[in-house]
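>>> Sharing a sequence plus its predicted fold:
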Amino acid sequence: MRIVFLGQAPFGRDCLKALVDQGEKIVGVLTIPDQPGQKAPNPVKELALELGLPLLQPPRLKDQAVIDWVASLKPDLLVLAYVTQFVPKAMIDLATYGGINFHPSLLPKYRGGSAMNWAIINGETETGITIHQIDEGVDSGPIILQEKVPIDPDDSVKTLYFGKIYPLGVKMVAEAVRLIREGKAQPIPQDESQATFQPVIKEKDVGIDWTKPTQTIYNLIRGSDPTPGAWCLFRGEKLKIWEAKPSSGRGTPGEVLSLLDDGFVVATADGAILARRVQYGGGGKVPAAEWAKEQGLQVGDILESGQPG
């Protein structure tokens, strides 16, 4: 099959490499443009150049020049690995077998660009990976492959993605392509009655409400790491809590209950949270105990709940 690959980031690079190692015929690669002042290399671009593959870095996939470029490659299949733009129907229709996409959830649940964040925030104990055909909808095409992945009690988005979703996803992208090439793929339509959609998560969505239960707050913190960061307010400045764990103690929600060597404890509705790594105002991420000492944090101080804004 003649494959046009679309992707970015290290995950895109590793999926592209897996396809090449599997012996697939890559006839073109689309990735994001280089950014002004960009210091880190574009991993997909680097690999494409290393392998001598035709490369295009368009700002918009829907531009006619991009569609014409793909048409000139006469693709049988489009393979998407970490693509944040819609692929226009005109491009999908150019490929004999259309396109397939990697999505980090058990579709049809958790469609959208922040599936892992919302799964953790909502207290799910499992999620998964779906390789599906693409259509004009959002993560709505028929399913080719799907596997479950456990969400451990202390998983953050970071540990879930890099430790579980990423390595399995690379294998599944390659496997789906093999099944299509061998005529063994059996796409299954998604059950629309079970579909859920969550928007791309933003900072306004992850303000900490200290009047909520400990587990709810803990899920919010780990579901917001590594981005956008769950936050509250201290002395009128935004305080992001990047790492935490449930703790013991009772008090007024938001009240600092104790100062420890590995952080500080804050009261919730039904217990407490130990903040272990924080970021305050325009500063960087630091150990919570170090920040508490620098700020002169005292037992009895109040952290205000974060409000959307």
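Great, that's in hand. Numbers count the residues shown, from 1 in each chain.
>>> domain ranges for this protein?
2-194, 203-305 (automatic domain parsing).
>>> Include mean neighbour count and mean pLDDT when you put those domains into CSV, please.
In short, each C-beta sits where N, CA and C put it, glycine included. Formatted as CSV, these follow (neighbours: other Cβ atoms under 10 Å; pLDDT from 0 to 100):
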stretch, mean neighbour count, mean pLDDT
domain 2-194, 18, 97
domain 203-305, 18, 97
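>>> At which residues are the strands of the stretch 1-150 of the chain located?
2-7, 25-30, 55-56, 77-81, 99-103, 126-133, 143-150 (DSSP state E, counting those that start in this stretch).
>>> top helix in the chain by residue count?
Across the chain, the longest stretch assigned as helix under DSSP state H is helix 166-181.
>>> Can you list the strands that whichever strand or helix holds Val266 pairs with?
Taking DSSP states H and E as the definition, Val266 sits inside strand 263-267. Sheet pairing of strand 263-267 (DSSP bridges) gives strand 256-260 (antiparallel), strand 272-280 (antiparallel).
>>> quick one, which of these is nearest to Ala176?
strand 272-280 (37.5 Å; Cβ to Cβ).
>>> And the next helix or strand after that closest one, how far out from the chain middle?
Where DSSP H and E defines the elements, the next helix or strand beyond strand 272-280 is strand 285-287. Here the centre of strand 285-287 is set off from its chain's centre by 23 Å, with Cα atoms, centre = their mean, to the nearest Å.
>>> try stretch 139-154
13 Å.
>>> then it to CSV, C-alphas only?
The C-alpha trace of stretch 139-154 is given here as CSV (Å, rounded to 0.1, in the frame of the first residue of the first chain):
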residue,chain,number,x,y,z
ASP,A,139,-13.2,10.5,16.5
SER,A,140,-16.4,9.0,15.2
GLY,A,141,-15.3,6.5,12.5
PRO,A,142,-15.6,2.7,12.6
ILE,A,143,-13.2,0.9,15.0
ILE,A,144,-10.4,-1.3,13.7
LEU,A,145,-8.5,-2.1,16.9
GLN,A,146,-9.2,-1.4,20.5
GLU,A,147,-7.4,-2.4,23.7
LYS,A,148,-8.0,-1.5,27.4
VAL,A,149,-5.4,0.1,29.6
PRO,A,150,-5.7,0.3,33.4
ILE,A,151,-5.6,3.7,35.2
ASP,A,152,-3.8,3.1,38.4
PRO,A,153,-4.8,5.0,41.5
ASP,A,154,-1.7,7.3,41.4
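>>> what's the spacing between Ile151 and Pro43?
27 Å (Cβ to Cβ, to the nearest Å).
>>> An error on my part: the question was meant for Val70.
Taking Cβ to Cβ, one finds Val70 at 21 Å from Pro43.
>>> tell me the contacts of Thr268?
Taking Cβ atoms under 8 Å, 6 or more residues apart in numbering, we find Thr268 in contact with Trp210, Thr211, Lys212, Pro213, Thr214, Ile217, Pro253.
>>> Closest to Ile201 out of those?
Using Cβ to Cβ, these come closest to Ile201 at Ile217, 16.1 Å.
>>> For the closest residue to Pro88 other than its chain neighbours, which residues are in contact?
Nearest residue to Pro88, sequence neighbours excluded (Cβ to Cβ, 6 or more residues apart in numbering): Lys62, at 4.6 Å. Listed by Cβ under 8 Å, 6+ apart, the contact set of Lys62 reads Gln85, Phe86, Pro88.
>>> Which one of those is nearest to Glu243?
Sorting the contacts of Lys62 by distance to Glu243 puts Gln85 at the head of the list, at 32.3 Å, by Cβ to Cβ.
>>> Please look at that closest one and Pro58 and confirm they touch.
No: between Gln85 and Pro58 there is no contact, the gap being 9.4 Å when judged by Cβ atoms under 8 Å.
>>> among the strands of the stretch 1-150 of the chain, which is nearest Arg111?
Per Cβ to Cβ, nearest to Arg111 of the strands of the stretch 1-150 of the chain: strand 99-103, 7.7 Å.
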